[in-house]
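Chemist: Quick one: sequence plus predicted model below, questions after.
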Amino acid sequence: MRLGIAAIPTLLLPVLFSLGAWYSLKMPVDVLAPPEPAIEEEAVPTEDEAAPPVDTRVYLPVIIPLKASLPDFGGTLMVSIGLALRGDASKALIDQLKDKPEPLISPLGNVLLDTASTVDPAQGWNALRKALPQALMDDLNTRVADLDDSAPILEVLIMEFRIGG
């Protein structure tokens, strides 16, 4: 069997690779990797220096979208929202929002219409989108007062803002 000149690179490549691997294994460790920087230990805060507790939040998606026809804006609007509740919100409120949100969410269609009537249609959809979360949050907090004493809803998040023709 006769090897041609074209076979030399094919045979030479694995030999050179093996020599390079052997040489890199024989090198001192400090040549291959730089030394790791020293990690300073952080000071543990004492009770006097303890950080204030971070507000915990519970995020709940609302599966019922809000729909309204807004002829002044030139179309219909469908808004899907999510709610950020205080971490210590009452279990009754969280359960109602998870299991049967209709009594709390259905009246928000009227809030959507009321907010649209306060926004100038010339400002467009973005102005309505900016005004909507605060109005929804204020209305929800007043309606859930019987389930939770203080304002449990920290934020209304607009998950989807769809405009139809």
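Modeler: That came through fine. Numbers count the residues shown, from 1 in each chain.
Chemist: Would you mark the buried spots in the one helix or strand F161 maps to?
Modeler: Assigned by DSSP states H and E, F161 falls within strand 153-164. Neighbour-count burial for strand 153-164, with 16 or more other CB atoms under 10 Å as criterion, is recorded at I153, L154, V156, L157. To be clear about C-beta, it is placed using only N, CA and C from the backbone, and glycine gets the same treatment.
Chemist: list the helices and strands that strand packs on?
Modeler: strand 57-61, strand 75-86, helix 125-143 (3 or more CB pairs under 8 Å, 6 or more residues apart in numbering; DSSP states H and E).
Chemist: Please work out which residues outside that strand touch it.
Modeler: 55, 57, 59, 61, 65, 75-86, 125, 129, 132-134, 136-137, 140-141, 144 (CB atoms under 8 Å, 6 or more residues apart in numbering).
Chemist: Just the buried ones from the residues you listed, in PyMOL syntax?
Modeler: Restricted to buried positions by 16+ other CB under 10 Å, the PyMOL selection for those reads:
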select buried, resi 77+79+80+81+83+84+85+86+125+132+133+136+137+140+141+144
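Chemist: Flag the shaky bits of the protein, pLDDT-wise.
Modeler: Residue ranges of the chain with pLDDT under 70: 1-3, 28-35, 42-55, 165.
Chemist: For P14, pull up the helix or strand it's in.
Modeler: Here P14 sits within helix 7-26, counting by DSSP H and E.
Chemist: tell me which residues of that helix are tucked away?
Modeler: Buried, per 16+ other CB under 10 Å, within helix 7-26: nothing.
Chemist: Next: stretch 108-122.
Modeler: In terms of neighbour count (16+ other CB under 10 Å), stretch 108-122 has its buried residues at L108, V111, L112, T115, A116, V119.
Chemist: P65 and M159, how far apart?
Modeler: Counting by CB to CB, to the nearest Å, the separation of P65 from M159 is 9 Å.
Chemist: Determine the residues that are contacts of both of those two.
Modeler: Going by CB under 8 Å, 6+ apart, residues that sit against P65 and also against M159 are S80.
Chemist: how far away is the nearest residue to P133 once chain neighbours are set aside from L25?
Modeler: Of all residues beyond its chain neighbours, the one nearest P133 is V156 (4.4 Å), with distances taken as CB to CB, 6 or more residues apart in numbering. Using CB to CB, one obtains 61 Å as the distance from V156 to L25.
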